[in-house]
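J.: just coords:
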């Protein structure tokens, strides 16, 4: 068989060449005069398509024409064109010659058109005169001897037995039909495999079945199945006690009980619902967590936890005794509303009981006395209280106001006067700041809450700031013993404030405050114990301190004690009772003094005041001698 000697020439180009020469042969038979012209035009057409004309052929290829498979006319034998060179299709660029490209062009075989004895399919239209492909690949060819040959693909393999007619034998046709039938079945099978299986009804049934299976599996996974699997939701509810009863249940743990025994005990008593889950939780929480600390292999850690879960839940693996949690024997009150952590903590930890202490702070106690009282009850340390009182930035409005307005740096305690005297319940482990904060809360509720509506108008009238009002109330508190005294003593101070003859308050309590602080300091730091000085002498009145109201005019630099509510009310709303005025023959009182029995004497003139001092000294002497029997008539 003659082969195409140009390997770069595609079968499409060859078929196009065959088509054009078939047309030339037909036209030369009908009109030899135009054959040469047609051949020349065909060469030009190929040239216009970008193919370079090649040299004349040295060999010959015989080609036959056939009848169209679509019922076209039977092709006529084409005469060998005379005097025309066939056009050779190649990949030489347009405008270039083979010689210029350095390519030695092989001779183009001479093409002879011959009539096909069998019908074959073609996409060439004789009427259109198109030069497109005239025969499919795998069509009929002839060799140098004129014998008909076929493309290795086999035309009958491509088109079946309907492609052949005439002299084909019955066996060949039967074989072709068998091959076609097999090809049809293969194609049908391929199409069936590509189509969705089954009808719409079958698809719906399958979808329903899949959905039902997924739903059932999800349901059993979530809510459990018999004793095989407790369910994710019940496990989570038991573990974290989301929705469980708050009934109190008493249980007793014996010495040396294991986690498995404790889990059984808790389940039998209704504290937990899933003992297997409890055992796994203990194992994971207290054993696996220690082993996994510091591991970098996250996947490995997860697999270890999953393995322990499966072993505990489905194979009943217990925690080794040497790694088990140590439970404390005893009687416990538990509840299903407790989560696993709370239950385990209760059963494994020595209970910590916060000890409560009730402390009563009397009215008129100083900061030093309050600190000593708290420390004696085991609440806090003194140095921490001093810091909490003098430096801690509390959030109360009156503390912020004090810090904003400022105060004398010689003030001993910043919050003296603000620690409201009351009965408090403290825990012994309270922080010192918490203790002071609790007292400030009480002050805020009792005093500061009344400031804007009750106290502020009077303070503005007297020219007092809120802190000065607290200081004044503390002096009233320190000088008297009850509300009646508070009102009368306050009236004396108000009379002095209103009189041009008195610029000093002359309160003994302000000097005693400083003396008492110093006495307690010596006792704490130096171990020197001295008695409290209740009656001041001239040497005491000469102590130079900003708290000495005998030496300095106006109020001292800070409060001298922590007054109660009665002292605040009396300080701003003084009143000298009529019976007191009558008893001491007063129209206005500018002096007062008291004895150790608590009796208060009032005077309007210095002479009356000296007589009252003599009365007080007599009572004090009787008390010292033990002969005091009560108030003299």
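T.: Arrived safely, thanks for sending. This one's a predicted model, so the numbers in the text were calculated from it and none came from an experiment. Numbers count the residues shown, from 1 in each chain.
J.: surely residue 425 is within a strand?
T.: Yes: checked against DSSP: H, G, I helix; E, B strand; the rest coil, residue 425 lies within a strand.
J.: just give the nearest non-adjacent residue to it, would you?
T.: Leaving aside its chain neighbours, residue 425 sits nearest to residue 358 (5.3 Å; criterion: Cβ to Cβ, 6 or more residues apart in numbering). Any C-beta I mention is one placed from the backbone N, CA and C, and that applies to glycine too.
J.: parallel or antiparallel, which strands does the helix or strand where the one you found lies pair with?
T.: Using DSSP states H and E, residue 358 maps to strand 356-360. Using DSSP bridges, the strands paired with strand 356-360 are strand 423-427 (antiparallel).
J.: identify each buried residue in the partner strand, please.
T.: Neighbour-count burial for strand 423-427 flags 424, 426 (criterion: 16 or more other Cβ atoms under 10 Å).
J.: go on, stretch 590-607?
T.: In stretch 590-607, counting by 16+ other Cβ under 10 Å, buried: 590-595, 599-604.
J.: dump those to CSV, plus pLDDT.
T.: Below are these laid out as CSV (pLDDT from 0 to 100):
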residue, pLDDT
590, 97
591, 97
592, 97
593, 96
594, 95
595, 94
599, 93
600, 96
601, 97
602, 97
603, 97
604, 96
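J.: out of the residues you listed, which are inside helices?
T.: Counting by DSSP state H, no part of the buried residues of stretch 590-607 is found in helices.
J.: so where's the stretch 251-400 of the chain uncertain?
T.: Along the stretch 251-400 of the chain, segments meeting pLDDT under 70 span 287-298, 300-301.
J.: can you show me the strands along it?
T.: 330-334, 356-360 (DSSP state E, counting those that start in this stretch).
J.: ok, which of the ones you listed comes nearest residue 621?
T.: When the strands of the stretch 251-400 of the chain are compared by Cβ to Cβ, strand 356-360 sits nearest residue 621, at 33.2 Å.
J.: and the end-to-end length of stretch 342-357?
T.: Stretch 342-357 has its terminal residues 27 Å apart, counting by Cα to Cα, to the nearest Å.
J.: number the chain from 395, please
T.: OK, 395 is where the count begins now, so the last one is stretch 736-751.
J.: list the buried residues for it?
T.: 737-738, 741.
J.: what does it contact?
T.: For stretch 736-751, contacts defined as Cβ atoms under 8 Å, 6 or more residues apart in numbering pick out 647, 656, 660, 665-666, 676, 679-680, 719-722, 726, 728, 732, 771-773, 819-823.
J.: tell me how far residue 978 lies from residue 1011.
T.: Separation of residue 978 from residue 1011 (Cβ to Cβ, to the nearest Å): 18 Å.
J.: neighbour-wise, which of these two wins?
T.: Neighbour tally, residue 978 and residue 1011, criterion other Cβ atoms under 10 Å: the higher count belongs to residue 978, 17 against 13.
J.: per-residue pLDDT, residue 542?
T.: With respect to pLDDT, residue 542 scores 53.
J.: equivalent analysis for residue 453, please.
T.: Note for residue 453: predicted pLDDT of 42.
J.: again, but for residue 572
T.: 87.
J.: so which of the buried residues of stretch 984-1001 sit within strands?
T.: The members of the buried residues of stretch 984-1001 that map onto strands under DSSP state E are 985-988, 994-997.
J.: between those residues, which sits nearest residue 764?
T.: The closest of these, once distances to residue 764 are taken by Cβ to Cβ, is residue 988, at 23.8 Å.
J.: residues in contact with that closest one?
T.: By Cβ under 8 Å, 6+ apart, the contact list for residue 988 reads 873, 994-995, 1010.
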